[in-house]
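Participant: here's a sequence, model it:
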Amino acid sequence: MQPSAPPSAPRFDERLTAPRSWWVITALLGLSGGLVTFPLGTVPTLIGLIAAGAVAAVVVSSYGSARIRVVAGSLVAGDARIPVSALGAPEVLDAEEARAWRTYKADPRAFMLLRSYVPRAVRVEVTDPADPTPYVYLSSRDPEGLVAALVAAGAEETGAEAGEALTAEGRAGGALTAEGRVGEG
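Facilitator: The predicted structure is shown next:
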């Protein structure tokens, strides 16, 4: 049996980095910045090359810095933090189904962390009645791993709630019997 991870360690952690082809385009944008300033001389050409390349790199890097994590009983997707207890059953979406949920099946109220360069996704219903968000759509390169982490975190959360309920009943004067019922003690 393997020791369980500490509660603060993420069960799942994925960064939706931009594909290599985007970095090639970034280099080409830097080159075009240099070409635009070429008639002005050598120094302006170098400045244009560096400035255009740096701006393009910052844009690609920031867009590709979105993270999806399951940590401490919560799903953290981008800037959103959702307790696992407020989520329903997760569903792995293949490329075709993911495209459908990004387009004609999409609900405008849904929280979507999607990246066009990641073809597969996970869809999770939001079960919190106070939350108007119907579901969460998350692009993922490892949707099976994300679903497994959400299921494990949900089972742990449910187990912890059941344990707290039994502890509270035990403090109220009941004792757990051999049949698993609370009796007077």
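
Participant: isn't A52 up against L29?
Facilitator: Yes: assessed by C-beta atoms under 8 Å, A52 is found in contact with L29 at 5.5 Å. C-beta: built from backbone N, CA, C; applies to glycine.

Participant: before we move on, which element is G48 in?
Facilitator: Per DSSP states H and E, G48 falls inside helix 42-63.

Participant: show me the contacts for the residue nearest the centre of the chain.
Facilitator: Computing the C-alpha centroid of the chain and ranking residues by C-alpha atoms, centre = their mean puts I68 first, at 2.4 Å. Contacts for I68 (C-beta atoms under 8 Å, 6 or more residues apart in numbering) come out as 12-14, 16, 75-78, 113, 138, 140, 146.

Participant: for the helix holding G48, buried residues please.
Facilitator: Buried residues in helix 42-63, counted by 16 or more other C-beta atoms under 10 Å: 45, 48-49, 52-53, 56, 60.

Participant: who does the helix or strand just after that helix pair up with?
Facilitator: Following helix 42-63 in sequence order, the next helix or strand is strand 67-71 (DSSP H and E). Strand 67-71 pairs in its sheet with strand 12-15 (antiparallel), strand 74-77 (antiparallel), by DSSP bridges.

Participant: touching the last one from outside, list them.
Facilitator: Where contact means C-beta under 8 Å, 6+ apart, the residues beyond strand 74-77 that reach it are 66-70, 81-84, 87, 111, 113, 124, 136, 138, 150, 153.

Participant: 6 Å instead?
Facilitator: The contact list for strand 74-77 (C-beta atoms under 6 Å, 6 or more residues apart in numbering) reads 68-69, 81-83, 113, 138.

Participant: same check on the first one?
Facilitator: Under the contact criterion C-beta under 6 Å, 6+ apart, strand 12-15 has outside partners 67-70, 145-146, 149.

Participant: got the buried residues for it?
Facilitator: Here strand 12-15 shows 12, 14 as buried, counting by 16+ other C-beta under 10 Å.

Participant: and if you look at stretch 103-121?
Facilitator: Of the residues in stretch 103-121, those buried (16+ other C-beta under 10 Å) are 111-115, 118, 120-121.
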